[in-house]
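# Requesting a structural model of the entry that follows:
(chains A and B)
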Amino acid sequence: MSKLPPIARLPVLLTGLLSLVGGVLAGLGRMGWDVPTSALHAAGMHGALMVAAFFGTVISLERAVAVEYLWAYLAPLAAASGGALLLVGAPASLAQYLILCGAVVMTATSIYTLRRLLAPCTLVLVGAATCWAIGNLTWLLTDSASTATPWWFAFLVLTIAGERLELSRLVPTPRVAQALFLPIVIALPSGAALALCDERHGLILFSAALLSLSCWLLCFDIAAHNVRREGLPRFIAVCLLAGYVWLACAGLLGLGDAFLPGDAWRDSAIHALGVGFVFSMILGHAPIVLPAVARVHIPYHVSFYLPLLVLHAALSVRVFGGIRDHFALQRIGGLANAYALLLFFAVLSLAVLRGRTSAGRNSGGT
Amino acid sequence: MTNSKPECDAYPDTAPTRAPVNEQHVRTVLRQIVDPEVGINIVDLGLVYCVAVETACVRVALTMTSPACPLGEMMIEEARDALLAACPEHTEVVVELVWKPAWQPSMMSREARQTLGWQD
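Predicted structure coming up:
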C-alpha cells in the first residue's frame, strides 16, 4: 500500500475541473450563449465532458484516496486526461479509450473494497463503476453520447445510492426497506441495458427506477433525520433532500418519455437528474470530500446555502421553460445554473480563507 | 439491545503504563473527532476499536463505516494530531485503520443510538 500525498493529487483534480469548466461552457454554447470558440467546438461533448470526464475524475479520485493504492490513481488520471483531450479537439476515440481505461481501473478498485466489506452497499458501488465502464464502451463503439447517457447516469445514481445505503445503516432502517433497495438499484442498469435494443421501454424502466429510488431515499435516508440538526449536517441534509425531489422529477418526466432523444422535455429530464440531483449532492458533500482529498480546511458557513438556492431556483426556471417550450427561460435557467457553480466555488474559496485565518489566529495565540 | 464490541486483540501484549495518560483519557481526546455528515464523534459511533496505552506510546485502532469513503486517511491524521497535542511530550502515537471486524450499528454508544432514533 502506498499513499499519494495530497499535493500530488491536485494536478489530477484541477485537470478534472477543466472538464467541468469546458463542459459547462459547451452546454452554454449549445443554448446560444457567447462562449470561447473552443467551447463551441466541444458543444457536442457536453455530456461526455460533464459525466464521463469530470464526474468520472472526481469520483474515481475519491475512491483512490479511500483504498490508498497508487495504481488506483490511474483511474482519475485517465479520466482527467481524456477530458483534456476532448477540450483541445483531439480525436474523440483517444479520449474514449482513455476514459474507458479509467473506468476499468475504478471497477477494479471498487472490487478491492469488497475485501474490506462484502455488503450490499459495496456491491452497489461495484455496479456503479461497471456502469461507467459500459457507458464508456458504448460511447466508444457507437460514437453516440446519447446512447451512453443512461449508463453514465446509472454510474452517478448508483454511486450516490451505494453511499446512501451505507449511511442508512446508522439509523433503524426497516427490513422491508432494506429488501426493497436492491431490486430498485438492479432495475436502473437493467433499464439502461434494455434501452440498447428497445430504447423506449428501457428508458421507461430506467425512469421507474429513478422514481422508486427517490421515494426510498425521501422515506429512509438519514437526511430526513439530519435535517433537524444544525450546521453542516443540516446543510448536507437539505442538499440531499432537495436532490431527491429532483430525482423524482426526473423519474416522472422520464415516464413520459422525456429521456428519449429528440423529446421536447429531454433537456428538462436530463438536467433535473444531472443538476438537480447530482450537483445537489456535490454541493452538500464538497465541504467534506475536498478536505479529505486536497487537505484544505473548509469550515461550514451559512453562506453555503446561497449557491444551493441559486442552483435550484435556476433549475426550476430551466425545467419550467423546457416543459412550457419557452426556450428563453431555458437559456436563462441554464446561464443561472452556471453562475450558481461559480458562486459555489467563490463561497468555498472564502471558507478556505476563513479557515486559514482562524488557524493562524489560533496558532499565534498558543 | 446490548452493544457488541469487537475483541481487542490488536495489541495483546500491552505493558503496564507509566505514562500519565490512560485509555479513558485517550477516548476523551478522540471525542473531538466528529463525523461531519452525522455530527457524532467517532468514539460514540463505535469506530474506535482498540486503545492501548504503553510506556511513552499510545496505539489506537480505528475503523470506518464504509471502506470506500475517502475520509479515513484524514480521520487518522486528525486523531494522531489530537493525541500528540494531548499526550506528554515524546509520546509516540500510532493510529491505524482496520477493517475487521466489520462495523455494525450495535457498536455505537447508547447516546449515539438514541440520537439516531434507535429504540433500545
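
# Can you report how many residues neighbour residue B:80?
Counted with other C-beta atoms under 10 Å in any protein chain shown, the neighbours of residue B:80 add up to 16. In this view, the C-beta of every residue, glycine as well, is placed from N, C-alpha and C.

# Can you give me the pLDDT of it?
At residue B:80, the pLDDT value in this model is 95.

# Look up how far residue A:299 lies from it.
21 Å (C-beta to C-beta, to the nearest Å).

# Could you pull out the buried residues of stretch A:242-262?
Residues A:242-255, A:257-260 are the ones in stretch A:242-262 that count as buried (16 or more other C-beta atoms under 10 Å in any protein chain shown).

# Can you pull the residues of chain B lying near chain A?
B:36-39, B:45, B:65-74, B:99, B:102, B:104-105, B:108, B:116-119 (C-beta under 8 Å from any C-beta of the partner chain).

# just the buried members of those residues?
Buried, going by 16+ other C-beta under 10 Å: B:36-39, B:45, B:65-74, B:105, B:108, B:116, B:118, out of those.

# State the phi and psi torsions of whatever residue of chain B ends up closest to chain A.
Nearest to chain A, among the residues of chain B, is residue B:67, at 3.4 Å (C-beta to the nearest C-beta). Dihedral angles of residue B:67 (phi, psi; degrees, to the nearest 10) stand at phi -80, psi -10.

# Which residues are in contact with the closest residue in space to it that isn't next to it in sequence?
Distances taken as C-beta to C-beta, 6 or more residues apart in numbering or on different chains place residue A:116 nearest to residue B:67, at 3.4 Å, with adjacent residues excluded. The contact partners of residue A:116, taken as C-beta atoms under 8 Å, 6 or more residues apart in numbering or on different chains, are A:122, B:67, B:99.

# with those in mind, which one is nearest to residue A:64?
Nearest to residue A:64 among those, counting by C-beta to C-beta, is residue B:67 at 13.0 Å.

# wouldn't the closest one be in contact with residue A:66 here?
Yes. Contact criterion C-beta atoms under 8 Å: residue B:67 and residue A:66 qualify, at 6.8 Å.

# Residues that sit against both of the two, list them.
Common contact partners of residue B:67 and residue A:66 (C-beta under 8 Å, 6+ apart): residue A:113.

# Might you report the residue contacts of residue A:24?
Counted by C-beta under 8 Å, 6+ apart, residue A:24 has contacts A:50, A:338, A:341.

# Just the buried subset of those residues, please.
Buried among these (16+ other C-beta under 10 Å): A:50, A:338, A:341.

# For residue 23, which non-adjacent residue is spatially closest?
Because you didn't say which chain, this covers chain A. residue A:49 (3.3 Å).

# ah, no, chain B please
Nearest to residue B:23 is residue B:51, by C-beta to C-beta, 6+ apart, at 4.6 Å.

# Helix, strand, or coil at that neighbour?
Secondary structure, DSSP: H, G, I helix; E, B strand; the rest coil: residue B:51 is strand.

# Would you agree residue A:296 is in contact with residue A:290?
Yes. In this structure, residue A:296 is within contact of residue A:290 by C-beta under 8 Å, at 5.9 Å.

# the more surrounded of the two?
residue A:290 (19 against 16).

# Would you mind measuring from the residue of the stretch 1-150 of chain A found nearest chain B to residue A:4?
Here the residue of the stretch 1-150 of chain A nearest chain B is residue A:116; by C-beta to the nearest C-beta that distance is 3.4 Å. According to C-beta to C-beta, residue A:116 stands 19 Å off from residue A:4.

# can you pull the contacts of residue A:185?
A:124, A:127, A:158, A:161, A:162, A:209, A:213.

# repeat that with 7 Å
Residues in contact with residue A:185, defined by C-beta atoms under 7 Å, 6 or more residues apart in numbering or on different chains, are A:124, A:127, A:158, A:161.

# Which of those fall within strands?
Among the contacts of residue A:185, no member falls in strands (DSSP state E).

# got TSV for those, with distance to chain B, neighbour count and pLDDT too?
Shown next, in TSV, are the contacts of residue A:185 (distance: C-beta to the nearest C-beta, whole Å; neighbours: other C-beta atoms under 10 Å in any protein chain shown; pLDDT from 0 to 100):
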residue	distance to chain B	neighbour count	pLDDT
A:124	10	24	96
A:127	13	21	97
A:158	12	26	97
A:161	13	26	96
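
# which two from these end up farthest apart in space?
Across those, the longest distance by C-beta to C-beta is 9.2 Å; it joins A:127 and A:161.

# now could you export just the CA positions of stretch A:107-117 as CSV?
The C-alpha coordinates for stretch A:107-117 follow below in CSV (Å, rounded to 0.1, in the frame of the first residue of the first chain):
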residue,chain,number,x,y,z
THR,A,107,-14.1,-1.0,-11.3
ALA,A,108,-11.1,-3.0,-10.1
THR,A,109,-10.7,-0.5,-7.2
SER,A,110,-14.3,-0.9,-6.2
ILE,A,111,-13.9,-4.7,-6.3
TYR,A,112,-11.0,-4.4,-4.0
THR,A,113,-13.2,-2.7,-1.4
LEU,A,114,-15.2,-5.9,-1.3
ARG,A,115,-12.3,-7.4,0.5
ARG,A,116,-12.7,-4.9,3.3
LEU,A,117,-16.5,-5.2,3.4
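
# Residue 94 in helix, strand or coil?
You didn't say which chain, so I picked chain A. Residue A:94, by the three-state scheme (three-state DSSP), is helix.

# Chain B was what I was after
Residue B:94 - assigned by three-state DSSP - is strand.

# I'd like to know how far it sits from residue B:26.
12 Å.

# ditto for residue B:42
From residue B:42 to residue B:26 the distance is 12 Å (C-beta to C-beta).

# Might you report the residue contacts of the residue nearest to the spatial centre of chain B?
With distances taken as C-alpha atoms, centre = their mean, residue B:48 lies nearest the centre of chain B, 2.3 Å away. Counting by C-beta under 7 Å, 6+ apart, residue B:48 makes contact with B:27, B:30, B:42, B:60, B:62.

# Can you tell me the number of residues neighbouring the closest residue to the second one other than its chain neighbours?
Translated: residue B:30. Once flanking residues are discounted, residue B:30 sits nearest to residue B:43: 5.2 Å by C-beta to C-beta, 6+ apart. Neighbours of residue B:43 under the rule other C-beta under 10 Å: 21.
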